[in-house]
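# Model the structure of this input:
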Amino acid sequence: MGRFSELSLGPLETAPVSVVAQPGVTLMSLVADALGGRSQGVLPAWRRLLRSAVPEGAEAVLRPLFAREYSMVPDCLTPTAPLWETDLRVQLERLADVPPSQLSQELETDFGGTVPGQWQSVVDRPKAFIHAYAALLTTMWEAFGPIWARAGSLLDQETERVGVAVVSNALPSVLAGLGPKIRFAGETLYVPDPHPERFERGARRVVLVPIVSGYGASVFSFDRSDVVWFGYPVPGLTTLWTTRETTVEKNRLKLVVGALRAKILRELVSPRIMGSLAAASDCTPATVTYHCGHLQAAGLITRERLGQHVVARRTASGEALVTLLSG
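Okay, here's the model as predicted:
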């Protein structure tokens, strides 16, 4: 049996819950799998992509973070603080500017004044380590960034799914299906951890972070004073694994507006009633209404009631966008 850290969430009906598409959490999952020896179920092709992007010796830079004796990443080295900053370029720039004294002090605090041997080289040359570490993460994200961009529609759908679950008191069913490595029973969440601990949520906010890496993804932080957050595999991940990465017009439009909204725009080559549009887009009327609302807000379509039906049609801007991304 594996070892798990436990988080007691308390009554979910009263727990404040958010969803954040935080790319830094995905990056840490990719780093752990591709270079840290901690499997996250990353697609082999993605793992090869990341390994080929980094210079020789990258694993040595990361060795202190993923040592078998004690796996721990100091807060100042995680591109996830603040959690709500979702521009990873900002996070990585901030990480590169971490003062060496801050890293040294955090290591002493985290390890109770006695820093383990695997961190000694970092303590001896913290500035050099920070520079190498930040450069390594930046290089990996430059390689993986286009894949993250393609995942936009999946992340949007997951945000909607969790939001509906929260307002309908169905959050337990979401937590029970977060991935093969994460378990939920009663009011307690169990996440794999080689050095397990027990935590109480208390009054802190719960933040769910969908990860675009592999179906074994699990990254978490339960010891912050403001929130508890945990990352898990975004549903539908295999659609990214199987999508052709050639320059096909459909992929270009998907990259901009997301898969389903791209399909809706294409179906509107001529005006369609909403029921017909839902059937043609292989989704429910409620789903097509939701996405059409966003397309209308963006000025790409209009909707007009005619008798018993609502008719959707592309605007001039919508026509121009489809033409541009199909050429």
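# pLDDT weak spots in the chain?
Within the chain, the stretches with pLDDT under 70 are 1-2, 69-71, 243-256, 325-327.
# How is it partitioned into domains?
Segmentation of the chain into domains, based on automatic domain parsing, reads 4-233, 246-324.
# Quick one: the helices in the stretch 151-300 of the chain, in order.
Applying DSSP state H, counting those that start in this stretch to the stretch 151-300 of the chain gives helices spanning 152-167, 171-175, 238-242, 249-257, 259-267, 274-280, 285-297.
# quick one: the first one to helix 285-297, angle?
When axes from the mean of the first three to the mean of the last three Cα atoms, to 10 degrees is applied, the directions of helix 152-167 and helix 285-297 differ by 120 degrees.
# name the helices or strands packed onto helix 152-167?
strand 17-19, helix 171-175, strand 205-211, helix 259-267 (3 or more Cβ pairs under 8 Å, 6 or more residues apart in numbering; DSSP states H and E). Backbone N, C-alpha and C define where each C-beta goes, glycine included.
# Against which helices or strands is the last one packed?
The one in question is helix 259-267. Against helix 259-267 (3+ Cβ pairs under 8 Å, 6+ apart) you get helix 152-167, helix 249-257, helix 274-280, helix 285-297, helix 316-324.
# Mind doing that once more with 10 Å?
helix 152-167, helix 249-257, helix 274-280, helix 285-297, strand 301-306, strand 309-314, helix 316-324 (3 or more Cβ pairs under 10 Å, 6 or more residues apart in numbering; DSSP states H and E).
# cool, and the second one?
Helix 171-175 sits against strand 17-19, helix 152-167, strand 183-185, strand 205-211, strand 227-233, with contacts defined as 3+ Cβ pairs under 10 Å, 6+ apart.
# Which among these is found nearest to residue 75?
Nearest to residue 75, of all the helices and strands packed on helix 171-175, is strand 227-233, at 12.5 Å by Cβ to Cβ.
# still on that earlier bit, output the helices and strands packed on helix 259-267 as CSV; include the columns distance to residue 24 and mean neighbour count.
Formatted as CSV, the helices and strands packed on helix 259-267 follow (distance: least, Cβ to Cβ, whole Å; neighbours: other Cβ atoms under 10 Å):
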stretch, distance to residue 24, mean neighbour count
helix 152-167, 14, 17
helix 249-257, 21, 17
helix 274-280, 36, 17
helix 285-297, 26, 16
strand 301-306, 34, 14
strand 309-314, 37, 18
helix 316-324, 30, 15
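# Any idea which of the ones you listed gets closest to residue 173?
Comparison of those against residue 173 by Cβ to Cβ identifies helix 152-167 as nearest, at 6.8 Å.
# Kindly state which of the helices and strands packed on helix 171-175 is positioned closest to residue 292.
Closest to residue 292 of the helices and strands packed on helix 171-175, according to Cβ to Cβ: helix 152-167, at 14.0 Å.
# hang on, isn't residue 199 packed against residue 189?
Yes: contact status for residue 199 versus residue 189: in contact at 9.3 Å, counting by Cβ atoms under 10 Å.
# Overlap of the contact sets of these two?
Common contacts of residue 199 and residue 189 (Cβ atoms under 10 Å, 6 or more residues apart in numbering): 5, 6, 7, 8, 9, 220, 222, 228.
# can you name the two of those that are farthest apart?
8 and 220 (14.0 Å).
# Just want to know which of those two has more residues nearby.
Legend: neighbour count by other Cβ atoms under 10 Å for residue 8 and residue 220, higher for residue 220 (20 against 13).
# Run through the bridge partners of the residue nearest to the more buried one when sequence neighbours are not counted.
Computed as Cβ to Cβ, 6 or more residues apart in numbering, the closest residue to residue 220 that is not its neighbour in sequence is residue 230, at 3.9 Å. Legend: beta-bridge partners of residue 230 under DSSP bridges are residue 208, residue 220.
# what's the spacing between residue 230 and residue 285?
Distance, residue 230 to residue 285, by Cβ to Cβ, to the nearest Å: 33 Å.
# Pull the number of nearby residues for residue 260.
Residues near residue 260, counting by other Cβ under 10 Å, number 19.
# If you could redo that for residue 284, that was the one I meant.
Residue 284, neighbours per other Cβ under 10 Å, totals 11.
# Thought residue 290 was touching it, still the case?
Yes: assessed by Cβ under 10 Å, residue 284 is found in contact with residue 290 at 9.4 Å.
# residues contacting the residue lying closest to residue 22 once chain neighbours are set aside?
Using Cβ to Cβ, 6+ apart and skipping the chain neighbours, the partner closest in space to residue 22 is residue 209 (5.0 Å). Shown in contact with residue 209 (Cβ under 10 Å, 6+ apart): 18-26, 29, 80, 83, 158, 217, 219-221, 229-232, 234.
# for residue 236, same thing?
By Cβ under 10 Å, 6+ apart, residue 236 lies in contact with 151, 153, 154, 155, 157, 158, 210, 259.
# just residue 157 next, same as before
210, 234, 235, 236, 258, 259, 260, 287, 291.
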